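**Student:** Predicted structure and sequence below. I'll ask about it afterward.
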Amino acid sequence: MTVVSNDPSWWPLISSYVFYSYWSVAAGVVVVYDWVLSLGQAIELIWKQRWSLMTVMYLIIRYIGIPYSVTSILTSMPLVSLTDIG
């Protein structure tokens, strides 16, 4: 069952969750935008070169942020029931 509270003491917490969610989405969009813009350059300068330890380290550091960001956003999202069941 969904509980609806009109208690004003919860409003700052709700506002902080909304603020955090907006910033999380904005940061994710900036990361993906940067990744898309520089993908052509990365393919030309990194992926087509001879592989070395530094190439692997660069790729790990460069691309680990995207799955981390997605996982972080999905795990921090509040679960809201859309029905009154359960």
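**Tutor:** All right, it came through fine. Residues are numbered from 1 along each chain as shown.

**Student:** Which positions within stretch 48-59 qualify as buried?
**Tutor:** Within stretch 48-59, no residue counts as buried by 16 or more other C-beta atoms under 10 Å. Where you see a C-beta, it was placed from the backbone N, CA and C, and this is true even at glycine.

**Student:** Quick one: mean pLDDT over it.
**Tutor:** Throughout stretch 48-59, pLDDT has a mean value of 90.

**Student:** Mind exporting the C-alpha coordinates of it to CSV?
**Tutor:** Presented in CSV, the C-alpha positions along stretch 48-59 are these (Å, rounded to 0.1, in the frame of the first residue of the first chain):
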residue,chain,number,x,y,z
LYS,A,48,44.2,1.2,-34.7
GLN,A,49,47.6,1.4,-33.0
ARG,A,50,49.7,-1.4,-31.7
TRP,A,51,48.4,-2.5,-28.3
SER,A,52,50.6,-2.0,-25.3
LEU,A,53,50.0,-1.9,-21.5
MET,A,54,49.5,1.9,-21.7
THR,A,55,46.8,1.4,-24.4
VAL,A,56,44.9,-1.1,-22.3
MET,A,57,45.2,1.1,-19.2
TYR,A,58,43.9,4.1,-21.2
LEU,A,59,40.9,2.2,-22.5
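
**Student:** And for residue 28, the neighbour number?
**Tutor:** 16 (other C-beta atoms under 10 Å).

**Student:** Spit out the contact partners of it.
**Tutor:** By C-beta atoms under 8 Å, 6 or more residues apart in numbering, the contact set of residue 28 is 69-70, 73.
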